[in-house]
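Chemist: Test case, fold it:
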Amino acid sequence: MDVDTGIEVLLLDVGGVIVPPADPDALTQIARLLGLSSVEVGALLYEWEPWYALSTGRLEEDAYWRALGDRVGWDVTDLRRLVAPVWEPNRVDEAVMGLARALHGRLRLAILSNATIRLEDHLRRLGVAPYFDPIINSARIGLRKPDPRIFAYTLDTLAVAPRAILFVDDKRRNTAVAEQLDIPSVLFDHAATLASALMARGLLPSGGRDLTQS
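Modeler: Prediction:
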């Protein structure tokens, strides 16, 4: 299919897209040791005020862990060691990166992520940072998705029209705001879904789904 959609930039989230979600078995084990459910652990890590402050640069990471330790009644050192398997990214989704590599040089590849100040270091360690420019990190600019202001910042940074971006995120609350701002979006659940969206827009050849086989 040869479709000219005007897309110039593929804008990807990191957690849940480039980096796979936490391993469910590891999360279950952590939850069991903390006496919580897996849902409660996920909320404590990523859906409470200290995380929002950390991911907008208003709180240092040590303070975040002290707050979390106080919340669950654990020693901070032991807690960080326990949570490390789901907190520290140790691999990328190779199927997603297969698509990114295929598009590298044909489209601009960029990142928009709610993350800590260490995001760029993580991406360099994982060997994928060179594919993405810019890397827009919530902790560095003091804004986080789904705040419309971070999308306005992104548009200014990329210096393109909203319709020239294809935004990929695993949370509907983020894609919904992007779409309200006229930014085409893909709600990510699997690399094959992304491949289909790219092929539908003529950004990958019809056999592009094969790139997701890893």
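
Chemist: The closest residue to Leu59 other than its chain neighbours - how many residues pack around it?
Modeler: Using CB to CB, 6 or more residues apart in numbering and skipping residues adjacent in sequence, the residue nearest Leu59 is Ala53, 3.7 Å away. Every C-beta, even on glycine, is put in place using the N, C-alpha and C of the backbone. Counted with other CB atoms under 10 Å, the neighbours of Ala53 add up to 16.

Chemist: Please parse this structure into its domains.
Modeler: Following the assignment in automatic domain parsing, the chain carries domains at 9-19+92-212, 24-87.

Chemist: Quick check: end-to-end length of the shortest one?
Modeler: This stretch, domain 24-87, spans 13 Å end to end (CA to CA, to the nearest Å).

Chemist: avg pLDDT for it?
Modeler: For domain 24-87, the mean per-residue pLDDT is 95.

Chemist: Kindly report the same for the first one.
Modeler: In this model, domain 9-19+92-212 carries a mean pLDDT of 95.

Chemist: Pick out the residue closest to the middle of the chain.
Modeler: In the chain, the residue lying closest to the centroid (CA atoms, centre = their mean) is Val14, at 2.3 Å.

Chemist: Point out the most buried one among the domains of the chain.
Modeler: Of all the domains of the chain, domain 9-19+92-212 carries the top mean neighbour count, a mean of 18, counting by mean count of other CB atoms under 10 Å.

Chemist: Show me how far it is from its chain's centre.
Modeler: Relative to the centre of its chain, domain 9-19+92-212 is centred 8 Å away, using CA atoms, centre = their mean, to the nearest Å.
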